[in-house]
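Novice: Any chance you could fold what I've pasted below:
(2 chains)
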Protein chains: 2
Amino acid sequence: MSEMIEGFGQEAFKLAFRKHAAGVAIITGRNADGSATGLTASSLASLSAEPPRATFNIAQTSSSWSAVNHTGNYLAIHFLAEHSVDLAKRFAFRPAERFEGDHWHEGPQQLPILHGASAVLITQVSALMLQGPNAVVVVDILSGEISPDEAPPLLYHQRNFHSLGDLEDVD
Amino acid sequence: MSEMIEGFGQEAFKLAFRKHAAGVAIITGRNADGSATGLTASSLASLSAEPPRATFNIAQTSSSWSAVNHTGNYLAIHFLAEHSVDLAKRFAFRPAERFEGDHWHEGPQQLPILHGASAVLITQVSALMLQGPNAVVVVDILSGEISPDEAPPLLYHQRNFHSLGDLEDVD
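Specialist: As a prediction, the model looks like this:
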């Protein structure tokens, strides 16, 4: 282990979070002008099973912020399997192409529903906590679709997408 | 994709989140009575690089809740590499043994610092959002240690620990 880093700055923050890994979700909604919008998120986490709630974090500078920034707004959360890596890259790196093509349809509340997700949750923003330039978003899960397939989840680590691997028994 | 599940209950919630995967962190602190405490968390997420902030979710019934439930409280966040799977299991499944042994030392603010983590963040609770029986915790990152090793991260999926795998190019 290296020395303690005091005055933890942006560079240290990035180095530290490169040690972390996360599942990948795409969150879609409708911006204030009605246009379809979406973002790739690695911060999606369960909050409680009863009531069914989840959280994610977003920058207020995000192009999807106006779809998120009011309680009551509807959002669709898609958990991605590894076969959806191209969809993840499209949403993360090619914003103009997010809704170009037939890889989605309009679902409940006009939400863009992406095809091939391992689960889709129809949610409604129930609380927002603004934190400087960012926000923590709490959503209530209203309904959902869960794929019967056992496709492994897509993961994000070190600025790249990955699959799941088996752990050799270290006990 | 299966049919839409209306009236999303606990069972549906669990089925959906079994599709998700997450990196594994251990968060340690000091309970109100001064005793060392800690929990395994799969909800750790970055919030902002500037100021350096992260979030995690916790049940108010957690044995670590009194270490977390005041702004200003200090917490140590450990990102785990796959070689730390036994530490993750100890904290998740064998609470009485969490601090039995020489796998930790006392660090800044009397925080229990676990050995072998890929990164350790010394943090302070800056905001709490109570949500029913659970809570969203925001921490400011004050300092940290980052291992120079490139050990792969430990992952949690389908109630088991996993390693990272390579993704075959699907483009």
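Novice: quick one, what contacts residue A:133?
Specialist: Neighbour list for residue A:133: A:59, A:60, A:61, B:48 [criterion: Cβ atoms under 8 Å, 6 or more residues apart in numbering or on different chains]. Where you see a C-beta, it was placed from the backbone N, CA and C, and this is true even at glycine.
Novice: Filter the residues you listed down to the buried ones.
Specialist: Listed as buried from the contacts of residue A:133 are residue B:48; burial here means 16 or more other Cβ atoms under 10 Å in any protein chain shown.
Novice: In strands only, show me the contacts of residue A:133.
Specialist: Mapping the contacts of residue A:133 onto strands (DSSP state E) picks out A:59, B:48.
Novice: okay if I get the contacts of residue A:133 as JSON lines plus pLDDT and distance to residue B:38?
Specialist: JSON lines is the format used below for these (pLDDT from 0 to 100; distance: Cβ to Cβ, whole Å):
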{"residue": "A:59", "pLDDT": "97", "distance to residue B:38": "30"}
{"residue": "A:60", "pLDDT": "97", "distance to residue B:38": "33"}
{"residue": "A:61", "pLDDT": "96", "distance to residue B:38": "35"}
{"residue": "B:48", "pLDDT": "96", "distance to residue B:38": "25"}
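Novice: which one of the contacts of residue A:133 sits closest to residue A:76?
Specialist: Residue A:76 lies nearest to residue A:59 out of the contacts of residue A:133, by Cβ to Cβ, at 19.6 Å.
Novice: thinking again about what came up before, out of the contacts of residue A:133, which is nearest to residue B:110?
Specialist: Nearest to residue B:110 among the contacts of residue A:133, counting by Cβ to Cβ, is residue B:48 at 27.3 Å.
Novice: what's the nearest residue to that closest one if we skip its chain neighbours?
Specialist: residue A:134 (4.5 Å; Cβ to Cβ, 6 or more residues apart in numbering or on different chains).
Novice: Let me know how buried that neighbour is, in neighbour terms.
Specialist: Counted with other Cβ atoms under 10 Å in any protein chain shown, residues neighbouring residue A:134 total 23.
Novice: So what sits opposite it in the bridge?
Specialist: Using DSSP bridges, the bridge partners assigned to residue A:134 are residue A:59, residue A:131.
Novice: now the spatially most central residue of chain A: how far from residue A:165?
Specialist: Taking Cα atoms, centre = their mean, the centroid of chain A lies closest to residue A:41, which sits 2.8 Å from it. To residue A:165, residue A:41 is 22 Å away according to Cβ to Cβ, to the nearest Å.
Novice: Can you pull the phi/psi pair for the closest residue to residue A:23 other than its chain neighbours?
Specialist: Spatial nearest neighbour of residue A:23, excluding adjacent residues (Cβ to Cβ, 6+ apart): residue B:21 at 4.1 Å. In terms of degrees, to the nearest 10, the main-chain angles of residue B:21 are phi -130, psi 160.
Novice: Residue B:21 reaches residue A:155, doesn't it?
Specialist: Yes - applying Cβ atoms under 8 Å as the test, residue B:21 and residue A:155 come out as touching, 5.8 Å apart.
Novice: quick one, which of those two is more surrounded?
Specialist: Applying other Cβ under 10 Å to residue B:21 and residue A:155 shows that residue A:155 carries more neighbours, namely 29 against 26.
Novice: and that one, how far is that from residue A:45?
Specialist: In this view, residue A:155 and residue A:45 are 15 Å apart by Cβ to Cβ.
Novice: Ok, residue A:120 next?
Specialist: As judged by Cβ to Cβ, residue A:120 and residue A:45 stand 17 Å apart.
Novice: need the strands for chain A, in chain order.
Specialist: Counting by DSSP E, the strands of chain A are A:5-6, A:21-23, A:25-30, A:36-41, A:45-48, A:53-59, A:74-79, A:104-106, A:112-114, A:119-131, A:134-146, A:155-157, A:160-165.
Novice: Let me have the ones you listed in TSV, extended by distance to residue B:144.
Specialist: Output for the strands of chain A, formatted as TSV (distance: least, Cβ to Cβ, whole Å):
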stretch	distance to residue B:144
strand A:5-6	5
strand A:21-23	18
strand A:25-30	26
strand A:36-41	24
strand A:45-48	21
strand A:53-59	19
strand A:74-79	30
strand A:104-106	40
strand A:112-114	36
strand A:119-131	19
strand A:134-146	19
strand A:155-157	18
strand A:160-165	23
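Novice: before we move on, the earlier item: residues in contact with the residue nearest to the centre of chain A?
Specialist: A:24, A:25, A:26, A:27, A:56, A:57, A:58.
Novice: if we go to 10 Å?
Specialist: Shown in contact with residue A:41 (Cβ atoms under 10 Å, 6 or more residues apart in numbering or on different chains): A:22-27, A:56-58, A:62, A:64, A:77-78, A:91-92, A:137, A:156, B:45.
Novice: where does chain A dip in pLDDT?
Specialist: Along chain A, segments meeting pLDDT under 70 span A:1-2, A:169-171.
Novice: same thing but 80
Specialist: For chain A, the stretches with pLDDT under 80 are A:1-4, A:168-171.
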